[in-house]
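Undergrad: what follows is a predicted structure for the sequence shown.
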Amino acid sequence: MKFRTPSDSSSSKTSPAAPPKRFSMRVAEWLLDSPRLGENPNVKHIAGRLLKQPAREGIVAAQSRLGQLMCRECGNARDRRIGHDLLRQAARAGDVRAQQELGRIED
């Protein structure tokens, strides 16, 4: 009895890594923008976790939102510094929200 082995063409049909990033970005933005959910600290923590990987990979919107979240919500200096760095990266890439947030923080 012969067993079929997956060929190279069938294994190359795997989905690209971009959709999960977009999905996590959308979920995080929905959580943060939701009027009832966005005020809950636990929800903000979950949204921050969802934004972390896309921000590391250079997605400007994730860097901006995570930077804002870390600057506003984190209590320790290390996290605020990381938030400032993320906002600076997003602002250099042309994100208007990040530029406004940096202007508000540095004034």
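TA: Structure received.
Undergrad: what residues are up against the residue positioned nearest the centre of the chain?
TA: Using CA atoms, centre = their mean, the residue of the chain that lies closest to the mean C-alpha position is Leu51, 2.3 Å off. Contacts for Leu51 (CB atoms under 8 Å, 6 or more residues apart in numbering) come out as 24-25, 28, 62, 65-66, 69. Quick note: C-beta positions are derived from backbone N, CA and C, even for glycine.
Undergrad: quick one: which helix or strand includes it?
TA: Per DSSP states H and E, Leu51 falls inside helix 41-56.
Undergrad: so for that helix, what gets flagged as buried?
TA: 43-44, 46-48, 50-51, 54-55 (16 or more other CB atoms under 10 Å).
Undergrad: now it, how far from the centre of its chain.
TA: On the basis of CA atoms, centre = their mean, to the nearest Å, helix 41-56 is displaced by 6 Å from the centre of the chain it belongs to.
Undergrad: report the rounded mean pLDDT for it.
TA: The average pLDDT for helix 41-56 rounds to 93.
Undergrad: closest to Arg92 among the buried residues of helix 41-56?
TA: Arg92 lies nearest to Ala55 out of those, by CB to CB, at 14.0 Å.
Undergrad: per-residue pLDDT, the nearest residue to Val60 once chain neighbours are set aside?
TA: In this structure, Val60 finds its nearest non-sequential neighbour in Ala93, 4.5 Å apart by CB to CB, 6 or more residues apart in numbering. If you check Ala93, the pLDDT there is 95.
Undergrad: how close does Ala93 get to Asp33?
TA: 21 Å (CB to CB, to the nearest Å).
Undergrad: out of those two, name the residue with the larger neighbour count.
TA: Between Ala93 and Asp33, counted using other CB atoms under 10 Å, Ala93 has the larger neighbour count: 14 against 11.
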